[in-house]
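Q: Curious how this folds, go ahead:
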Amino acid sequence: MLKQITSPHNKEIKWLLQLQEKSRNRRKEEAFIVEGQREISIAIKGKYSPLHLYFVPGLIDFQEVLEIARSNAQQPASITEISQEVYDKIAYRGSTEGLVTVFRSKEHKLQDLKFSNSNPLILVAEAPEKPGNIGAILRTADAAAVDAVIIANPKTDLYNPNIIRSSVGCIFTNKIATGKTSEIIAFLKQENISIYSAALQAAKPYHEIDYKEASAIVVGTEATGLSEEWLKNSTQNIVIPMHGEIDSMNVSVAAGILIFEAKRQRITHPE
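A: Next up, the predicted model:
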């Protein structure tokens, strides 16, 4: 017989809410929450292991729940039937799909990054703070099929529910690593990857650069830009010429422009 939870005041539901709301709890438990059948299926394709499933009967077919639970190769995820009231309490985005899943998180170590080709294209974002921007960057990276996304000096954990939601599951489709700026620069140099830093100082227009060799495109925040460490170690600083009244744009938009110029070159003039 399936375990059932009908009260939103249940201790396990309080645990779920803490996991959802606090990065400290996510780090401690090494787990995070995903809701929405599309995002859950993408997480499973990304080799994430489901630990616990909470479903509302009538909103999702139980056979689908079973298949998700059994996708954990080590041990099938636990399954708990919950009431509509409980689901309304824990459903972060107010969806009606009837399934919330707890997944095991990954470590995203820089040294674990491995590339299948000799000229990888990497997107680096330094100290992004807004989850919506991080999610948009991950969507851009997925659309361009970059070889990796590296977050330097992260200000929020990757499993923030706003990042998962705004990335539309692309947090699970990208190869992602995090680290300190100094560590990332050392890693890129060790791998013989050229560094192209988006900056105003000593910069060339972005479209004049050849990105067909191994390249890392580095973007900073709109407020402060990139740290001096990136500018000192850059192969070449690059800039997007601005023709309006302002001199900056949203970091995710800038990342998209730069990454897709690199992709255009690689498609038009492959090595």
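Q: what sits against the residue sitting nearest the centre point of the chain?
A: The chain has Ile171 as the residue nearest its centroid, 3.1 Å off, counting by Cα atoms, centre = their mean. By Cβ atoms under 8 Å, 6 or more residues apart in numbering, Ile171 lies in contact with Gly135, Leu138, Leu158, Tyr159, Ile163, Ile164. Where you see a C-beta, it was placed from the backbone N, CA and C, and this is true even at glycine.
Q: In JSON lines, list those along with secondary structure.
A: Shown next, in JSON lines, are the contacts of Ile171 (DSSP: H, G, I helix; E, B strand; the rest coil):
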{"residue": "Gly135", "secondary structure": "helix"}
{"residue": "Leu138", "secondary structure": "helix"}
{"residue": "Leu158", "secondary structure": "coil"}
{"residue": "Tyr159", "secondary structure": "coil"}
{"residue": "Ile163", "secondary structure": "helix"}
{"residue": "Ile164", "secondary structure": "helix"}
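Q: can you count the residues close to Val86?
A: 24 (other Cβ atoms under 10 Å).
Q: Would you agree it is in contact with Ser7?
A: Yes - between Val86 and Ser7 there is a contact under Cβ atoms under 8 Å: 7.1 Å.
Q: Quickly list what's touching both of these two.
A: Common neighbours of Val86 and Ser7, counting by Cβ under 8 Å, 6+ apart, are Ile13.
Q: Now for the closest residue to Leu200 other than its chain neighbours, how many residues are close by?
A: Leaving aside its chain neighbours, Leu200 sits nearest to Val239 (6.0 Å; criterion: Cβ to Cβ, 6 or more residues apart in numbering). Neighbours of Val239 under the rule other Cβ under 10 Å: 18.
Q: and if you look at Tyr196?
A: 24.
Q: Going forward, the N-terminal residue is numbered 7.
A: Happy to do that; since the first residue is 7 now, the last one works out to Tyr202.
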